[in-house]
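Asker: I'd like to go over a predicted model; first the sequence, then the structure.
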Amino acid sequence: MLIVFFAALAAYSYNEGKARNILIDNIAFSSEGKNYEAFEAIQVIVDGKEPSLFLLEGDRGAANLIGKAHVLAVEELDENDRVIKTYRVSFKSSELKGNVINVVPLVRGKLPGWSYALEQ
């Protein structure tokens with residue numbers, strides 16, 4: 001009985017504590033004939049943890065995701081780095097199609113292609 005308990009605890013801990021390295025892009029995006037421009041400047045906060053990522057138009061940053069459920073806060077900044085608008089998007093690790101997230105389609109309703117595999 002004790003072995004079954006520890007095996008279940010190990011499986012639970014493995015799944016809940018699983019970490020994944022991802023890349024976060026701020027690049028222009030097209031979907032269904034519509035073009036979406038990249039943000040001029042954004043601050044991205046992953047799961048409410050510091051350090052945040054500062055990304056200019058066309059930039060890419062790296063972050064770690066730990067666990068199954070995540071929240072990305074994307075703060076759109078003006079030329080003086082003041083927050084104009086904040087987007088908060090929740091997603092699960094199971095929704096990821098690869099190790100890259102583009103915040104442009106993500107904050108616009110998780111348009112298809114918001115997550116993709118890095119092409120070698």
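Answerer: Everything's here; your move. No experiment lies behind these values; they were computed from the predicted model shown. Residues are numbered from 1 along each chain as shown.
Asker: Contact partners for residue 91?
Answerer: Shown in contact with residue 91 (CB atoms under 8 Å, 6 or more residues apart in numbering): 69-70, 72, 106, 110. Glycine gets a C-beta too; all of them are placed from N, C-alpha and C.
Asker: Poorly predicted segments of the chain, please.
Answerer: 5-6, 9-17, 120 (pLDDT under 70).
Asker: where exactly do the strands run in it?
Answerer: 19-25, 29-31, 34-36, 41-46, 49-56, 60-66, 69-77, 83-92, 100-102, 115-116 (DSSP state E).
Asker: Pull out the buried residues from the contacts of residue 91.
Answerer: Among these, the ones that count as buried by 16 or more other CB atoms under 10 Å are 70, 72, 106.
Asker: From these, pick the one nearest residue 92.
Answerer: residue 70 (7.3 Å; CB to CB).
Asker: separation between that closest one and residue 105?
Answerer: 16 Å (CB to CB, to the nearest Å).
Asker: Now for the nearest residue to residue 97 once chain neighbours are set aside: which residues touch it?
Answerer: Of all residues not flanking residue 97 in the chain, residue 115 sits nearest, at 4.5 Å (CB to CB, 6 or more residues apart in numbering). Neighbour list for residue 115: 95-98, 100-102, 106 [criterion: CB under 8 Å, 6+ apart].
Asker: State the distance from the residue lying closest to residue 69 once chain neighbours are set aside to residue 39.
Answerer: Nearest non-adjacent residue to residue 69, counting by CB to CB, 6+ apart: residue 92, 5.4 Å away. Using CB to CB, residue 92 is found at 24 Å from residue 39.
Asker: Equivalent analysis for residue 23, please.
Answerer: For residue 23, the distance to residue 39 - CB to CB - is 16 Å.
Asker: between the two, who's got more neighbours?
Answerer: Comparing residue 23 with residue 39 by other CB atoms under 10 Å, the one with more neighbours is residue 39, at 25 against 14.
Asker: export the strands of the chain to TSV and tack on distance to residue 8?
Answerer: Listed next are the strands of the chain as TSV, based on distance: least, CB to CB, whole Å:
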stretch	distance to residue 8
strand 19-25	21
strand 29-31	42
strand 34-36	45
strand 41-46	29
strand 49-56	28
strand 60-66	21
strand 69-77	21
strand 83-92	22
strand 100-102	32
strand 115-116	30
